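3D, please:
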Amino acid sequence: MSNAARTIPAGPGITRKRRTTASPERINWPATALLVACTLGVLVPLYVTVSMAFKTTGQAVDGNAFSLPNPLTFDSFAQAWMLTNFPRGFAISVFVSVIAVAGEIIVSALAAYAIVRNWDRRLFRWSFFYLLAAMFIPFPVVALPQIQLTGMVGLDNPLGVAILHVVFALAFNTMLFTAFLRSIPLELEESMRMDGAGTWRVFWKLIFPLLGPMSATVGIFAFIASWNDFMMPSLIISDPEMQTIPVLQKIFQTQFSNSYNIAFASYLMAMAPAIIVYLFTQRWVMSGLTQGAVK
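Purely as a prediction, here's the structure:
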């Protein structure tokens, strides 16, 4: 029982109050130990990455990965910038991520709106179930047909990779938007239609702005998935000069396997944008998911 006054009888016509104290909460040590282990599993590799990136080549190969860089140098970043042609790879990765984010938000929102507002029609219900079934088909299973198709239609380039990201994320994103759209009252649309608005105007002027929290959530997932993706660009893009940053890092690591400090500097430069974006937008992830679930 919480710290509160409880009235107890003390005699005929007399009452007195006695304060009860709550027992202290017990610490769940197994869960705490698991959380500490998971935290160390993330922070220790991150520390090694940052430390190795600021070391000289001699320090990087001395076998002591946990030592602090002495002296602190930025030469590894300059060499990684030139050897991996980082500006070009960065621009290509940004292009793929921007197309993937915008495409996933718009296409999935339109698909979810059509399904929710036409749920009584069999075709739309079956389309939703078809999309749910597609969630269980990973990209490696259909990788070979996708490579052949993209090559036949001339999409063996970053644009083709961005389109495939939109297609393969359509099922999961549509499910998220569908759950959120069910919470929007239909009366809002009816009042707008009474003023003469059509379906497209209702969607862009009313529905799409209301999907802001879920659109932010989908956009964050899309950015992280497209920015960190290695398999799809390496299989789809035929020109090595047009590869994204993760593929360029793999090529660089294969050619310069002993340049640990330069490799870790390139890793740090590659993951910095994703970390920065997530730090500034992570509150939208839980906001969008909880609003779609609670409503």
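
now the strands for the chain?
Secondary structure of the chain (DSSP state E): strands located at 4-11, 14-20.

now the helices: where do they sit in the stretch 101-250 of the chain?
122-134, 143-152, 158-168, 170-181, 186-194, 199-202, 208-210, 212-228, 231-236, 245-255 (DSSP state H, counting those that start in this stretch).

With respect to residue 276, which of the ones you listed lies nearest?
helix 212-228 (11.0 Å; C-beta to C-beta). Placement of C-beta: from N, CA and C, glycine included.

Next, the angle from the closest one to helix 170-181.
160 degrees (axes from the mean of the first three to the mean of the last three C-alpha atoms, to 10 degrees).

Pull out the buried positions in helix 212-228.
For helix 212-228, a neighbour-count test (16 or more other C-beta atoms under 10 Å) marks 213-227 as buried.

Closest one of those to residue 205?
Using C-beta to C-beta, the buried residues of helix 212-228 come closest to residue 205 at residue 215, 15.1 Å.

Give me the nearest residue to the closest one, chain neighbours excluded.
Once flanking residues are discounted, residue 215 sits nearest to residue 105: 5.0 Å by C-beta to C-beta, 6 or more residues apart in numbering.

what's near enough to touch residue 192?
Counting by C-beta atoms under 8 Å, 6 or more residues apart in numbering, residue 192 touches 201, 202, 205, 206.

Most widely separated two among these?
Top of the distance list for these (C-beta to C-beta): 201 and 206, 8.1 Å.

These two - which one has more neighbours?
Neighbours per residue, other C-beta atoms under 10 Å: of residue 201 and residue 206, the larger number sits with residue 206, 16 against 13.

Can you read off the pLDDT for the more buried one?
With respect to pLDDT, residue 206 scores 90.

list the contacts for it?
188, 189, 192, 197.

Nearest to residue 135 among those residues?
Nearest member of these to residue 135, counting by C-beta to C-beta, is residue 189, at 28.4 Å.

hang on, isn't the closest one packed against residue 207?
Yes - with contact defined as C-beta atoms under 8 Å, residue 189 and residue 207 form a contacting pair (7.4 Å).

These two: who's more crowded?
Comparing residue 189 with residue 207 by other C-beta under 10 Å, the one with more neighbours is residue 207, at 21 against 17.

Show the contacting residues for that one.
109, 113, 181, 184, 189.

pLDDT averaged over stretch 84-92 - what is it?
89.

which other residues reach that stretch?
With contacts defined as C-beta under 8 Å, 6+ apart, stretch 84-92 is touched by 80-81, 158, 241-245, 248-249, 252, 266, 269.

Now the buried members of these.
Looks like the contacts of stretch 84-92 have 80, 81, 158, 242, 243, 244, 245, 248, 249, 252, 266, 269 buried, using 16+ other C-beta under 10 Å.

Can you give me the pLDDT of the third one?
The predicted local confidence for residue 158 comes out at a pLDDT of 95.

Then the first one?
Looking at residue 80, its pLDDT is 85.

tell me the contacts of it?
By C-beta under 8 Å, 6+ apart, the neighbours of residue 80 are 86, 252, 262, 263, 265, 266, 269.

how does it look with 10 Å?
Going by C-beta atoms under 10 Å, 6 or more residues apart in numbering, residue 80 touches 53, 86, 249, 252, 256, 259, 261-270.
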